[in-house]
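Enquirer: Here you go, sequence then predicted model.
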Amino acid sequence: MSASGKTVRRSPGTVLLNAPYMLWAGLFIIIPLFLVLYYALIDGDGNFTLDNLKELGNYTDVIFRSFWYSIIATVICLVVAYPFVYVVCKFGPTSKKLTNMFVTLPMWINLLIKTYCLTTLMDNNGLINQFMAFLGFGRLPLLNNTGAVIFGMVYNYLPYMILPIFNVMSRMDNSLMEAAEDLGCSPMQRLRRVVLPLSMPGVISGIIMVFIPSVSTFYISSKMGGTENSMIGDLIERQIRVQNDLSVAAAISLLLMVVILVSMFVLNRFSDDNEGGSMLV
Amino acid sequence: MKNENIIELKDITVSFDGEVILDRLNLSIQDGAFVTFLGRSGCGKTTTLRIIAGFLQPDEGDVFFDGQRINDVPPYRRNVNTIFQRYALFPHLNVFENVAFGLRVKNAPKEEVTEKVKEMLKLVNLEGYEKRKVTNLSGGQQQRVAIARALINRPSVLLLDEPLSALDAKLRKDMQVELRRIQRETGITFIFVTHDQEEALSMSDVIVVMNDGKIQQIGSPVDIYNEPKNAFVADFIGESNIIDGIMNRDDTVTFAGHTFTCVDEGFAYNEPVDVVIRPEDVDVVPVSDGMITGEITQATFKGDYYELIVEVKGFKWMVQTTDAYEEGQVIGIALDPDSIHVMHKSEYSGLYGDYSSFSDEMDAPAEEEKE
C-alpha cells in the first residue's frame, strides 16, 4: 500500500498505454453494467418501472437456495483446502512445486468440460455406477440431487480456495514460526495465534474466489442437479432464453451484483488489519 | 547444589548433506555471563545457537541445561528465548501484543500482562509505543521490541543471532551499550552470535572464537586479543602480523633475521613457531636504532593514525603509527619483549598474517578453497 494513484504523474505516454484497456473496459464492462441497470428499470415499452424488481419476490426460493448451496460449497472448500495447504507447506521445495502443479492443472481445463465429464462419470450408467453394479452394490443415485450440485461446485472451485491460501502460507517467514515456538507456543497454539491470523488474507481471497462463481453458477446446477436444484444463474438463463424477458433477467442480475458487492465489502473488513495480503477488491 | 554452568554442550556433532558443520564441540556456559560466539559465516556459530534453542537436533552429543539433558525437549518447553536476525516480529500484532505474546500463550491474567509489558517497554526505552504497528517502526525500534518480547518470559538464557547486523554503524554502537546494560540489569545469560570482532570485544565477558565447526579459543576479550592461541584467532581478532619464527629457548625467539627477547616460555628448544606482532605494537625508529629494517611500500592516512605496509625480508608487515612517513622510505623497527606473542604452529600456520593483501579474496587461490 505504497504509492497511491495521486503521486503518479500522468504523461501522455501513460494515457496512451492505458487506452486499449480503458476502451475495452468501457465497451465490455462499464456499458453492459449500465445496460443491466437500464433493462432492470424499464418495462417492455421502454417506460420506467419497478415491477421487474418486484418480480424478484417470486423467485426467493431459487435465490435463497443459491446462497445456501454456495455457502456450503465454500465452507467445504475451506475445510478441505486449509489443512491440505498447512501440511503441504511443511514439504520440501520439490514436493511443494509438484503439489502446486497438480492443484493448478485442473484450472487449465474448461469448467464446462470438467462438469460434463463428471456427469458422464456419475450418471446412472456411468463408470462409477457400472463399477458399483459390477461389485454387486447396486447403482447409487449420484446425480440430480443437492449433493451432486455441491460436489460439482467443490470439485470445480477447490483450486481457487487452495491457491490463495497457499500463496500466503508458503510465503510466511519461517522465523515467525520459530519465534512463536520460542515464545512458548505448542504447535496447536502456533497455528491459532500466528498461522491462522497471518493467513487470513489468503482465506478471504479464497472465500471470495469460490463463493462468487458458486453463487452465480448455472451450468453445474442444471447439469448435475436436475430440475429441483436450479440456481440464480439458471434462472437468468431461463429468463433470457425461454421466457425471453430481458428485464426480469436484468433485475435478477442486478440483485446478484449488489449482494456480491456487499459480501465482498463485508469480507474485506475482516482482513483490514492485515497488510500485504493478496486481496481482490 | 546448583549447577554453575547453565548450558553445557558435550561432543556435539552436526552435519548437513555430508558436510560437517559442528565437529565434536564441547562448551560450558556460565550462568549470568555475556558470551559471544564469534566467527565467519559458516563457522557453525548459528548452528550452535539453534541447538541450544532447540530448533535443531545434534546428530551426536548432548545438550545440558542446568545439569538436565534437554536434547528431546522442544523449543517451547525450554527456558530459553531467542532474538532473531531479522527480529521476526509478528506483523499482525501491535507493539504491545508482540511483547505480550509469551504471556498470552501462558494465559497470564490481564493485569499481569499489562504490568509486565509496561515494565519491559520501559527496560528497552519504548514507553508510549504500545499501540504502534511493528511494521512502521525503525530497525532499532523493532530490535528493541524483539528484546522486550524475548525477555518478558524471564528466560534463563537469551540467544541473540546477529541481532545488530541490520542496523547502521552508529545505531549498532548504541545498541551494543544498550544490550550490555540490559544484560547487567537482568542478570540473564546472553549468548550472542556475531561475525564482527569489534562487537564481540566490546560487549562480551567471554568470547568463543569458532572456525570450521570447531572452537578455536575461549577466553575474555583481553586474553583473546593479547594471547591468541593460533594464527586464525590472531588474524580474525584485530590486525596481526604473523611471522614464522624459531623459539631458541625460553624468552628468546628468532624471526625476520633477528633474535628478539620475548616473554614466552614453555616451548621446545628450537621449536618452529608463529610470532604475532600487533600493528600498533611496532615502534618505528631511525634505521640506525632498528632491530630490523624495512621499506615502506604503502602509507595510508587513517585519521587518527597512519597505516604503513612495510616490507621486511619479503614479508609485508602492517604498522600503525601516529607519525607521517612516505612510501619508499626505509625505516627501522624496534619491538618490546611484551609485544611479541609466540604461538605453537597450527593448521592455520602460513594461511594468515602477511599484508600483501587485506582480504582473503585477494589472496592466492589456494586459500579460496579453505572457505
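Expert: On my side now, so go ahead. Residues are numbered from 1 along each chain as shown, chains lettered A, B, ... in the order given.
Enquirer: only C-alpha atoms for contact and neighbour calcs from this point on.
Expert: Will do.
Enquirer: Could you say which helix or strand holds B:Thr36?
Expert: B:Thr36 belongs to strand B:34-38 when assigned by DSSP states H and E.
Enquirer: Direction included, what does that strand pair up with?
Expert: The strands beside strand B:34-38 in its sheet (DSSP bridges) come out as strand B:189-194 (parallel), strand B:206-211 (parallel).
Enquirer: May I have the phi/psi pair for whatever residue of chain B ends up closest to chain A?
Expert: Across chain B, the shortest distance to chain A (CA to the nearest CA) belongs to B:Tyr76, at 4.0 Å. In terms of degrees, to the nearest 10, the main-chain angles of B:Tyr76 are phi -70, psi -10.
Enquirer: what's the neighbour count on it?
Expert: When neighbours are defined as other CA atoms under 10 Å in any protein chain shown, B:Tyr76 has 21 of them.
Enquirer: try A:Thr227
Expert: 11.
Enquirer: try B:Thr322
Expert: Every residue meeting other CA under 10 Å relative to B:Thr322 is counted, giving 14.
Enquirer: For A:Met161, which of the strands paired with strand B:34-38 is the nearest?
Expert: strand B:189-194 (41.9 Å; CA to CA).
Enquirer: Pull the distance from the helix or strand just after the closest one to the chain's centre.
Expert: Proceeding N to C from strand B:189-194, the next assigned helix or strand is helix B:197-203, under DSSP H and E. Distance of helix B:197-203 from the chain centroid (CA atoms, centre = their mean, to the nearest Å) equals 6 Å.
Enquirer: now the strands for chain A?
Expert: For chain A, applying DSSP state E gives no strands.
Enquirer: Now for the residue of it found nearest chain B: which residues touch it?
Expert: Chain A approaches chain B most closely through A:Gly184 (4.0 Å), counting by CA to the nearest CA. A:Gly184 is in contact with B:Pro75, B:Tyr76, B:Arg77, B:Gly102, B:Val105, B:Lys106, counting by CA atoms under 8 Å, 6 or more residues apart in numbering or on different chains.
Enquirer: Next one: it from A:Met209, what distance?
Expert: According to CA to CA, to the nearest Å, A:Gly184 stands 35 Å off from A:Met209.
Enquirer: Repeat that for B:Ser288.
Expert: 88 Å.
Enquirer: neighbour count winner among the two?
Expert: A:Met209 (20 against 11).
Enquirer: Let me see the confidence value for the closest residue to that one other than its chain neighbours.
Expert: Spatially, and ignoring its direct neighbours in sequence, A:Met209 is nearest to A:Tyr160 (5.9 Å; CA to CA, 6 or more residues apart in numbering or on different chains). For A:Tyr160, the model assigns a pLDDT of 94.
Enquirer: count of residues packed around A:Tyr160?
Expert: 22.
Enquirer: Give me the longest helix you can find in chain A.
Expert: helix A:60-88 (DSSP state H).
Enquirer: residues of it that come out buried?
Expert: By neighbour count on 16 or more other CA atoms under 10 Å in any protein chain shown, the buried set for helix A:60-88 is A:62-63, A:65-67, A:69-78, A:81-82, A:85-86, A:88.
Enquirer: Centre of the chain to it, how far?
Expert: From the chain centre to the centre of helix A:60-88 is a distance of 9 Å (CA atoms, centre = their mean).
Enquirer: Same question for stretch B:276-293.
Expert: With CA atoms, centre = their mean, you get 29 Å for stretch B:276-293.
Enquirer: Equivalent analysis for stretch B:124-131, please.
Expert: In terms of CA atoms, centre = their mean, the centre of stretch B:124-131 is set 31 Å apart from its chain centre.
Enquirer: Show me which residues of chain B are close to chain A?
Expert: B:53, B:55, B:75-78, B:80-82, B:84, B:88-92, B:101-102, B:105-106, B:150, B:153 (CA under 8 Å from any CA of the partner chain).
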